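K.L.:
pasted the sequence and its predicted model underneath.
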Amino acid sequence: MTDHCGTALVVGASRTIGLGLTGEFLRRGWDVIGTVRGSRRTGLHDLADASAGRLTVESLEMTEPEQISALRDRLASRTLDLLFVNAAITRGDVPIGEVPTDMFTDVMVTNALSPMRVVDTLLPLVDPAGTVGVMSSDQGSISLNTEGGQDLYRASKSALNQLMRCYAAARAEDTRTYLLLDPGWVRTELGGFEADLAVEESVPGVAETIERHRGKRGLHFVDHEGQVVAW
């Protein structure tokens with residue numbers, strides 16, 4: 001019998017990495033709350049039906065601040081051992097000089113501002129010894145960017161990394177662990193079909209890395225193999 005590991009909230013859990021990570025946490029003994037956008041049925045609902053009550057589904061459009069606040073209110077009686085924000089978008093490999101303003105805003109709000117709003121709004125629910133994680137990417141690394149391309153996506157992940165660093169630095173006395181996770185190059189709609197890893201190959205490493213960093217307070221930028229990613 002797997003020991004109970006605590007309660008995890010996975011934001012953006014309806015498909016691909018988010019769905020796979022939710023299933024992996026269930027297998028590892030966590031109770032999980034997973035969010036989906038809108039009200040349509042997803043694979044997360046099927047997973048919940050088979051979870052014997054250990055997975056609950058919540059609706060959240062994280063680009064709407066009032067929905068984040070409403071989720072916090074609905075979960076006010078719960079204590080989270082892990083808050084993990086997975087959602088992100090890309091709009092293709094468009095040279096920065098050709099990126100329309102509305103596209104720039106859309107990607108930045110979804111990939112950088114909205115995850116931080118989720119973290120800030122839901123932080124009071126996270127146990128003082130708990131973990132706050134956000135899905136990043138090695139494409140957010142400035143020092144590793146030697147080839148260019150994917151300008152807007154890279155910029156949004158770099159912005160996310162900087163915002164998490166600001167957030168953690170401003171809370172230097174916080175006993176929680178903060179993680180930026182690079183899942184590797186994964187075959188998803190976002191990662192493309194030429195990527196190195198299947199979802200099933202990435203998510204066990206992501207979950208293992210999260211669990212291994214429990215109690216290691218402060219901010220860590222690491223990949224799915226537990227290796228430090230250069231800023």
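P.N.:
Thanks, I have it.

K.L.:
is Leu21 in contact with Asn86, as I believe?
P.N.:
Yes: with contact defined as CB atoms under 8 Å, Leu21 counts as touching Asn86 (6.8 Å). The C-beta positions use only the backbone N, C-alpha and C, and glycine is treated the same way.

K.L.:
which neighbours do these two share?
P.N.:
Any residue near both Leu21 and Asn86 by CB atoms under 8 Å, 6 or more residues apart in numbering counts here, and that gives 10, 13.

K.L.:
who's more crowded, those two?
P.N.:
Leu21 (28 against 24; other CB atoms under 10 Å).

K.L.:
name the nearest residue to the more buried one, ignoring sequence neighbours.
P.N.:
Distance criterion CB to CB, 6 or more residues apart in numbering; nearest residue to Leu21, sequence neighbours excluded, is Val203 at 4.8 Å.

K.L.:
tell me which element that neighbour is part of?
P.N.:
helix 199-212 (DSSP states H and E).

K.L.:
now tell me what touches that helix from outside.
P.N.:
Contact with helix 199-212 is made by 5, 16-17, 20-21, 23-25, 28, 82, 84, 131, 133, 179, 181, 183-184, 186-188, 222-226, as judged by CB under 8 Å, 6+ apart.

K.L.:
so which bits of that helix are buried?
P.N.:
Going by neighbour count (16 or more other CB atoms under 10 Å), the buried part of helix 199-212 is 199, 202-203, 205-207, 209-210.

K.L.:
buried ones in the longest helix along the chain, by neighbour count?
P.N.:
Ordering each helix of the chain by length in residues (DSSP state H) puts helix 151-169 first. Buried residues in helix 151-169, counted by 16+ other CB under 10 Å: 151-161, 163-164, 167-168.

K.L.:
ok, now stretch 129-144?
P.N.:
130-141.

K.L.:
the strand of greatest length in the chain pairs with which strands, and in what direction?
P.N.:
Ranked by number of residues, the top strand in the chain under DSSP state E is strand 126-135. Sheet pairing of strand 126-135 (DSSP bridges) gives strand 80-85 (parallel), strand 177-182 (parallel).

K.L.:
contact partners of the last one?
P.N.:
With contact meaning CB under 8 Å, 6+ apart, strand 177-182 is reached by 130-138, 140, 160-161, 164, 167-168, 206, 209-210, 213-224, 229.

K.L.:
can you do 7 Å?
P.N.:
Contacts with strand 177-182, where a contact means CB atoms under 7 Å, 6 or more residues apart in numbering, come from 131-138, 161, 164, 168, 206, 209-210, 213-224, 229.
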